[in-house]
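Here you go, sequence then predicted model.
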Amino acid sequence: MKKETFTLLENYMLSCMQDAAHDKDHVYRVLYTAMEIAENETVNKDVLIAACLLHDIARKDQLENPAICHAEKGAEKAEQFLRENGFAPEFAAHVRNCIFTHRFRKAMPPESMEAKILFDADKLDVAGAIGIARTLMYRADAREPLYTLQPDGTVSDGSGDVPDSFFHEYRFKLEKIYDRFYTEKGKRMAAERQQAAEDFYRSLYTEISGAYTSGRAALEKEIL
């Protein structure tokens, strides 16, 4: 890809990024990870670079209207931008399909190798320590709590939460992503990060639940 082409795509991406958890640095990490995964694969690198740079350009649209799927809207916006800037229709359509299938869902799995690499690179940024950090940022922006309490006053581990919380997000999404990778390189990289996420969740739950058991019991002895 020529430098001026990369700059054109990069500048458009930068003009769209508003979400702290899905910011330009997330996009760059996804791009760099995708390049690492693609190193020994036969892929169209120009398509992959374009798809990585533009995969989250509709995050702002989704924030303003949660009914919008950022993958679907982003795919449309990316194809329109590429067509308006002289890219071949086939190229624009390929990038569109990569973006359309990058979201974590079973109904629309990625099919091309470029789409699978984008999917894996994006999910790797939700794995391990970086995934924990980004999820905490996103939950804080949404004003959601770290945890919720059970009816008996004990701390929920997230399994049965109805309201959203960090523990709920971990149990229902973060801990389940490690068997959802498509490329062998992506699977290996995910496995290397898994333990860090598990250790953090376990430690945080132990510390918080401990305060609600032994600490609260000690307080109740003092309240007559």
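The structure has been received and is ready for your questions. Numbers count the residues shown, from 1 in each chain.

In the longest helix anywhere in the chain, which residues are buried?
In the chain, taking DSSP state H as the definition, the longest helix is helix 184-210. Using 16 or more other Cβ atoms under 10 Å as the test for burial, helix 184-210 gives 185-186, 189-190, 193-194, 197-198, 200-201, 204-205. (Glycine included, C-beta is placed from N, CA and C.)

which of the residues you listed lies closest to H55?
G186 (15.3 Å; Cβ to Cβ).

Excluding chain neighbours, what is closest to that closest one?
Leaving aside its chain neighbours, G186 sits nearest to D120 (3.2 Å; criterion: Cβ to Cβ, 6 or more residues apart in numbering).

swap in I99?
A75 (4.2 Å).

Also V155?
Per Cβ to Cβ, 6+ apart, closest to V155 is S209, 4.2 Å.

Please apply the same query to C16.
I57 (4.1 Å).

and what of E72?
Nearest one to E72, counting by Cβ to Cβ, 6+ apart, is F100 at 6.2 Å.

Am I right that the one you found is in contact with H70?
No. Judged on Cβ atoms under 8 Å, F100 makes no contact with H70 at a distance of 10.6 Å.

Just put the buried residues of helix 184-210 in JSON lines and tack on pLDDT.
Shown next, in JSON lines, are the buried residues of helix 184-210 (pLDDT from 0 to 100):
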{"residue": "K185", "pLDDT": "95"}
{"residue": "G186", "pLDDT": "95"}
{"residue": "M189", "pLDDT": "95"}
{"residue": "A190", "pLDDT": "95"}
{"residue": "R193", "pLDDT": "94"}
{"residue": "Q194", "pLDDT": "94"}
{"residue": "A197", "pLDDT": "94"}
{"residue": "E198", "pLDDT": "95"}
{"residue": "F200", "pLDDT": "93"}
{"residue": "Y201", "pLDDT": "93"}
{"residue": "L204", "pLDDT": "92"}
{"residue": "Y205", "pLDDT": "92"}
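
and which of those residues is nearest T213?
Using Cβ to Cβ, the buried residues of helix 184-210 come closest to T213 at Y205, 11.9 Å.

Show me where the chain has its helices.
3-16, 24-37, 45-54, 59-64, 70-84, 89-100, 113-124, 128-141, 166-172, 184-210, 216-222.

What is the fifth one packed up against?
Pointing back at helix 70-84 there. Other helices and strands packing on helix 70-84, by 3 or more Cβ pairs under 8 Å, 6 or more residues apart in numbering; DSSP states H and E, are helix 45-54, helix 59-64, helix 89-100.

how far out from the middle of the chain is the shortest one?
For helix 59-64, the separation from the chain centroid amounts to 15 Å (computed by Cα atoms, centre = their mean, to the nearest Å).

what does the average pLDDT come to for that helix?
Mean pLDDT, helix 59-64: 82.

Please write out the alpha-carbon positions of that helix in CSV.
Provided in CSV are the C-alpha atoms of helix 59-64 (Å, rounded to 0.1, in the frame of the first residue of the first chain):
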residue,chain,number,x,y,z
ARG,A,59,-18.6,3.3,17.0
LYS,A,60,-19.7,6.9,17.5
ASP,A,61,-22.9,6.1,15.6
GLN,A,62,-23.6,3.2,17.9
LEU,A,63,-22.9,5.3,21.0
GLU,A,64,-25.4,7.9,19.9
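
May I see the buried residues of it?
In helix 59-64, counting by 16+ other Cβ under 10 Å, buried: 59-62.

cool, and stretch 165-185?
Buried, per 16+ other Cβ under 10 Å, within stretch 165-185: 165-171, 174, 177-178, 181-183, 185.
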